[in-house]
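Asker: give me the fold of what follows.
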Amino acid sequence: MKTETAFWDTSALVPLCCHQPASAEARHVARRYGRMVVWWCTRVEAYGALARLRREGSLSEKGFQQTVARLSLLSRAWLEVLPVESVRQRAEELLALQIIRAADALQLAAALVWCQGRPQRRVFVCFDQRLASAAAQTGFEVKEPVAPG
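Answerer: Take a look at the predicted model:
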């Protein structure tokens, strides 16, 4: 199967780094959409999520170090959308139209800058329901966890 390019939100990357309920689905999606495009701050967001899991006791110190190593490995291969003015402008526009947080607006804005404002037939990988809904309303093909059953 040919590896395709997709924009990946942090919510879909964290399950690739550590075991979570969505990990199997994230690996499945990564096999097809393994050429990753991310927002410039995604690595910081993912590191924050992993650090929170460690603080909460879901990850041991050794587990945390292993997940950070996986994140580092992923980040060496992905393409980042840099923090340019067009991302900020689009994020502000999205906040006026969508019920999403500022960080999610920046993710979605970065995806729109990546595809030059033409999200049709572009894949947005996201395991956060609110952001996934906003991405779909914007025109992206959203890949999110499949409900069991």
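Asker: buried stuff in the biggest helix by length in the chain?
Answerer: As assigned by DSSP state H, the longest helix anywhere in the chain is helix 61-77. Neighbour-count burial for helix 61-77, counted by 16 or more other CB atoms under 10 Å, picks out 64, 67-68, 70-71, 74-75. Using the backbone N, CA and C atoms, a C-beta is placed for each residue, glycine as well.
Asker: what packs against the helix or strand following it?
Answerer: Proceeding N to C from helix 61-77, the next assigned helix or strand is strand 79-81, under DSSP states H and E. Secondary-structure packing of strand 79-81 (3 or more CB pairs under 8 Å, 6 or more residues apart in numbering; DSSP states H and E): strand 35-39, helix 102-114.
Asker: mind giving me the packing neighbours of the longest helix of the chain?
Answerer: Going by 3+ CB pairs under 8 Å, 6+ apart, helix 61-77 lies up against helix 10-17, helix 42-56.
Asker: the longest one vs helix 61-77, what angle?
Answerer: It stands for helix 42-56. Between helix 42-56 and helix 61-77, the angle comes out at 170 degrees (axes from the mean of the first three to the mean of the last three CA atoms, to 10 degrees).
Asker: CA atoms only for helix 42-56, dumped as CSV, please.
Answerer: Extracted C-alpha coordinates of helix 42-56, given in CSV (Å, rounded to 0.1, in the frame of the first residue of the first chain):
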residue,chain,number,x,y,z
THR,A,42,2.5,19.9,17.9
ARG,A,43,5.7,18.5,19.4
VAL,A,44,5.3,20.8,22.5
GLU,A,45,1.6,19.8,22.8
ALA,A,46,2.4,16.1,22.5
TYR,A,47,5.3,16.4,25.1
GLY,A,48,2.8,18.2,27.4
ALA,A,49,0.3,15.4,27.0
LEU,A,50,3.0,12.7,27.8
ALA,A,51,4.3,14.7,30.8
ARG,A,52,0.7,14.9,32.1
LEU,A,53,0.3,11.1,31.8
ARG,A,54,3.5,10.7,33.8
ARG,A,55,2.3,13.1,36.5
GLU,A,56,-1.0,11.3,36.7
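Asker: got the contact list for that helix?
Answerer: Helix 42-56 has contacts (CB atoms under 8 Å, 6 or more residues apart in numbering) with 8-10, 13-14, 17-18, 59-61, 63-64, 67-68, 71, 75, 80, 103, 107.
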